[in-house]
Structures are given as C-alpha cells and as structure tokens.
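Colleague: Quick check, what structure comes out for this input:
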Amino acid sequence: MTLPRSTLVSVEDTPYYHVVTRCVRRTFLCGVNHETGQNFEHRRQWIEDRIRLLSSIFAVDICAYAVMSNHVHIVIKLCPDEAEGWSDRDVMKRWACLYKGPTVFQKALSDQALRTHEYTLLADLLVNYRSRLASLSWFMKCLNEPIARMANQEDHCTGHFWEARFKSQALLTEEALLSCMAYVDLNPVRAGMAKTPEDSEHTSIKARLNPEVSLTQTMDEQGFRQRPGQFKPLARFEGHDTQNRLNGILFSLTDYLELVDTTGRILRNNKRGAIPLHLPPILERLGMGRKTWLAQCTQFEKLYQQRFAKRPRRIDRQSA
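Modeller: Take a look at the predicted model:
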C-alpha cells in the first residue's frame, strides 16, 4: 500500500534522501527514441539546469544527481535550519523566483504600504512559504512541473510527462549515503552511455570535476521570474574532520573519486557497462597527482563561487 509522503520523509531521522522520478511509460523522453529516431537529449540539460537553480532557492544541498534518458536520480540533503535563518525578505525574494504570489505578497515585495489585516495575512503566507522552501515535495514539484510543460509545448501535446510524483528513499547512515552517491554517479557508466565517470554528461561527478554552469535556458523558459543572486555549489566533501560541526559530507573528495572509480570497474551481469580495467586510476586520468588534486579541492568552493561560469584556474603540478 502506498504511504503518504509525510511518513517517508523525516528530517529528524535523516536529512539525506535518494529521489527518483521517471518519464511516463519509461519512454526515452529525455534521450534518443530508438523506435522513432527522435532526439530529446537537450531536455537533459533542461533538467540539470533546473536542479542547480532550484538548489539555490530552496533550503537544500545537492549531493549527487544523474539525468538519464528516461529517469532522474538526485541525492539531496534537506536543510530546514537554513530556512529558519532567512529573514522574511529573503523568503519573499526566493518565493518570487518561483511564483507570482497573491496581491498582498506582491505589494509587500514592492514595498507598498499594507493595511493592518494585510500584515496578518502576509505573516501567515511567509510561514507557509518558508516551510515549502524547505520541503522535498515542493522541490520536486518545482522541478517536474515546468519540465513537463516545456516538453509538452515542444511536442505540441498534452498529458503526463512523468509517470508519478517521485519516489524517495531515506539514507540513514554514512555508508548508505556514499554508496547511493556512487550508484547515482555511475549510472551512465552502467548504462553504457559513458566509459568513465568524468566523461558522463549531466551528472554531479562531471560537475565536480568540471565546475562549469551552462545555463542554456532563459529564466522565463525555466519558469523563474527572477534570477537568484548566486548559484549554490554542490554539497561539499569535508574530509574526516569530526572536531567541528559539519555541513557537508563526512568524506574526502579524493577518496570518493577513488571509491567511484574502483566500484565502476566491477562488472555486473545485468548491466551493459563498466569502467575498462586497463584504464589508469581516475586521478591519473585527470592528469594530476593526489597532492595536486587535494590542493585544488581546498580552493574549489572559493573559485566556484567567484567564477561560476568558468573553469577554476589550473594549479601548477609543481606546486604540490
């Protein structure tokens, strides 16, 4: 029996969730339809762009994602404490990126004078919006609905694009989180769409190794009314430091890359692809040693925030 979403998502138990959403009838509505020859690959970029943009508006961190031809995987961390720290003005600006809102909301956003009863109505609205901006269900709603509208408009049709809302799986331990992230990042390799993780398109591991943001769609096409001030990077790998409060993933990025690389070489009978065994380790394939990669990783967040549309400056290998 299907359970209500409120019983499946509990931030008190874990903030980490694996989310899957599939195209209707699992057809290749985001890839190449092998029966008709139609190519819908550009829609994968639509979805990736929107995931990254929504993560900048909602109180969430994106740990991993993979946009496939007929389904999408996301490993997401809910951050309700972050939403509680926003000012009312922050909540209004974020919600205005998604929806127009009622008249009283528009008046407050444009700094017009409000009547006494309108202040009470606005306060109730902001409580509701703050809760929604920390909600997994609302995140997925704001991801799936505009993509479906854009695809239907392109196909000159109506009807469902996604077969259901979405499926969510709680990740209760660090082992579950890491194994799920590796599983998601290796999806294109297992499907035979890429030989190595760094060559896979529309995945979080590709975004980490090549921190470029290619926002191909306009804000209007993506359903955004305003551009967010700055786009949030993916969830950070914070190493094994247990002395301080961690906001990221309790694992080092170098170790994670080696974990993914090792796992991707293991053959599975029910999957088409695996990383070829003759290839060198991933850090060698990236053209840098362990120390050099660690040095670059320590500067990644700073460089990414300052130059989110460019690759970070390459570190001289001799410096490590």
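
Colleague: Now do the strands in the stretch 101-250 of the chain.
Modeller: Here the stretch 101-250 of the chain has its strands, by DSSP state E, counting those that start in this stretch, at 167-170.

Colleague: which element is the spatially closest residue to L234 that is not a sequence neighbour on?
Modeller: Leaving aside its sequence neighbours, L234 sits nearest to I62 (CB to CB, 6 or more residues apart in numbering; 5.4 Å). From N, CA and C alone the C-beta is placed, and that goes for glycine too. Element membership for I62 (DSSP states H and E) is strand 60-67.

Colleague: ok so, going back, wait, the residue nearest to L234 sits on R52?
Modeller: Yes - using CB atoms under 8 Å, I62 is in contact with R52, at 7.3 Å.

Colleague: Find residues that contact each of the two.
Modeller: Overlap of the contact sets of I62 and R52 (by CB atoms under 8 Å, 6 or more residues apart in numbering) consists of K232.

Colleague: domain parsing for this protein?
Modeller: Following automatic domain parsing, one finds the domains of the chain at 12-81+134-319, 87-132.

Colleague: dump the residue contacts of the residue nearest to L234.
Modeller: Listed by CB under 8 Å, 6+ apart, the contact set of I62 reads I51, R52, S55, I74, V75, I76, K77, S204, K232, L234, A235.

Colleague: Identify, from the residues you listed, the entry nearest to D88.
Modeller: K232 (20.8 Å; CB to CB).

Colleague: do you know how far the closest one is from G37?
Modeller: K232 sits 38 Å away from G37 when distances are taken as CB to CB, to the nearest Å.

Colleague: Tell me the helix or strand right after the strand holding I62.
Modeller: strand 71-78.

Colleague: List the first helix or strand encountered after that following strand toward the C-terminus.
Modeller: Next along the chain after strand 71-78, taking DSSP H and E as the criterion, comes helix 80-84.

Colleague: and the spatially closest residue to P197 that is not a sequence neighbour, what is it in contact with?
Modeller: Excluding its sequence neighbours, the residue lying closest to P197 (CB to CB, 6+ apart) is I205, at 4.7 Å. Counting by CB under 8 Å, 6+ apart, I205 touches A64, D185, P197, E198, L257, V260.

Colleague: can you redo those as JSON lines with neighbour count, distance to Q169 and pLDDT?
Modeller: What follows is those, written out as JSON lines (neighbours: other CB atoms under 10 Å; distance: CB to CB, whole Å; pLDDT from 0 to 100):
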{"residue": "A64", "neighbour count": "28", "distance to Q169": "13", "pLDDT": "96"}
{"residue": "D185", "neighbour count": "28", "distance to Q169": "16", "pLDDT": "93"}
{"residue": "P197", "neighbour count": "26", "distance to Q169": "22", "pLDDT": "88"}
{"residue": "E198", "neighbour count": "18", "distance to Q169": "26", "pLDDT": "86"}
{"residue": "L257", "neighbour count": "23", "distance to Q169": "24", "pLDDT": "88"}
{"residue": "V260", "neighbour count": "25", "distance to Q169": "19", "pLDDT": "87"}
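
Colleague: and those residues, which of them are in helices?
Modeller: For these, the ones inside helices are D185, L257, V260, with DSSP state H as the criterion.

Colleague: now the residues you listed as JSON lines including distance to C157?
Modeller: JSON lines is the format used below for the ones in helices among the contacts of I205 (distance: CB to CB, whole Å):
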{"residue": "D185", "distance to C157": "33"}
{"residue": "L257", "distance to C157": "42"}
{"residue": "V260", "distance to C157": "38"}
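
Colleague: Now do A170 against F58, distance only.
Modeller: A170 sits at a distance of 18 Å from F58 (criterion: CB to CB).

Colleague: neighbour-wise, which of the two wins?
Modeller: Set side by side, A170 and F58 show more neighbours around F58, with 26 against 14, by other CB atoms under 10 Å.

Colleague: Just confirm the more buried one contacts L133, I think it does.
Modeller: Yes - between F58 and L133 a contact is recorded at 5.3 Å, counting by CB under 8 Å.

Colleague: between these two, what contacts are shared?
Modeller: R94.

Colleague: where does Y17 land in three-state SS?
Modeller: What DSSP: H, G, I helix; E, B strand; the rest coil gives for Y17 is strand.
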